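> Fold the stuff below for me.
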Amino acid sequence: MDDRIADDRAGDHEETDAAAAAARAWPLTERPGFLARRLHQIHVSLFSERCAAFRITPLQYSLLSLLRDLEEADQTTLANAVALDRTTTTGALKRLAIRGLVSRSTSLADRRAQVCRITAEGKALHAAMEHAAHEAHALTISALAPKDQDLLVGLLRRAVAGHDHRRGHLDLG
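Next up, the predicted model:
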């Protein structure tokens, strides 16, 4: 065998070994993205358990919460506030409208925009499920001491704020 080919093959093994060692040196449980995704999965599961009777997803609950606080908002503002694309947000709003929980109408100021409002039924459902939703959020971080829960939420807010340029931003307090 040509010495150059043997050297190349040996180099390939060294690169593979180095890549494997690097992967072992950075386990999933130390990766912020992996941990954020896992915590989100845990939260969605807890939310689904606690709020199943209301037939509302976490996104729909967020939209109802925003509309309760804002009273009225266009779909683009809502999409930016929940950091999702307009198509996904519009789909969630349409499903809420079908159930009579929000109303959607064409904006008088901009005929291209849809203005959304929470209905009386939406306010009632939001109020009825608020305790269950709070419980799901609390259980999501219940493995932490109260002081650490506050610290985690503060750190998450700072991490998200550091990336506001990646998605529309609405200051909600």
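
> Can you report how many residues lie near Ser73?
Actually, residue 73 is Ala. It isn't Ser. 21 (other CB atoms under 10 Å). The C-beta positions use only the backbone N, C-alpha and C, and glycine is treated the same way.

> Contact partners for Arg86?
Going by CB atoms under 8 Å, 6 or more residues apart in numbering, Arg86 touches Gln75, Thr76, Ala79.

> let's go with 10 Å and repeat that
With contacts defined as CB atoms under 10 Å, 6 or more residues apart in numbering, Arg86 is in contact with Gln75, Thr76, Leu78, Ala79, Asn80, Leu93, Gln114, Gly168.

> And the first one, its phi and psi?
Backbone dihedrals for Gln75, given as degrees, to the nearest 10, come out at phi -60, psi -30.

> count of neighbours near it?
Every residue meeting other CB under 10 Å relative to Gln75 is counted, giving 21.

> Quick one, grab the pLDDT at it.
Per-residue confidence (pLDDT) for Gln75: 90.

> Verify the contact between it and Arg117 for me.
No. Shown here, Gln75 and Arg117 do not form a contact pair, counting by CB atoms under 10 Å, at 11.8 Å.

> shared neighbours of the two, anything?
Shared contacts of Gln75 and Arg117, counting by CB under 10 Å, 6+ apart, come down to Arg104.

> Check the average confidence over the helix or strand hosting Lys123, would you?
Per DSSP states H and E: Lys123 is located in helix 120-140. The average pLDDT within helix 120-140 is 97.

> Then stretch 86-96?
Summarised as a single mean, pLDDT over stretch 86-96 is 94.

> and the spatially closest residue to Gln60 that is not a sequence neighbour, how many neighbours does it have?
Among residues not flanking Gln60 along the chain, Ala92 sits closest, at 5.3 Å (CB to CB, 6 or more residues apart in numbering). Using other CB under 10 Å, Ala92 is surrounded by 24 other residues.

> Let me see the contact set for Ala92.
Residues in contact with Ala92, defined by CB under 10 Å, 6+ apart, are 56-57, 59-64, 75, 78-79, 82, 84, 102.
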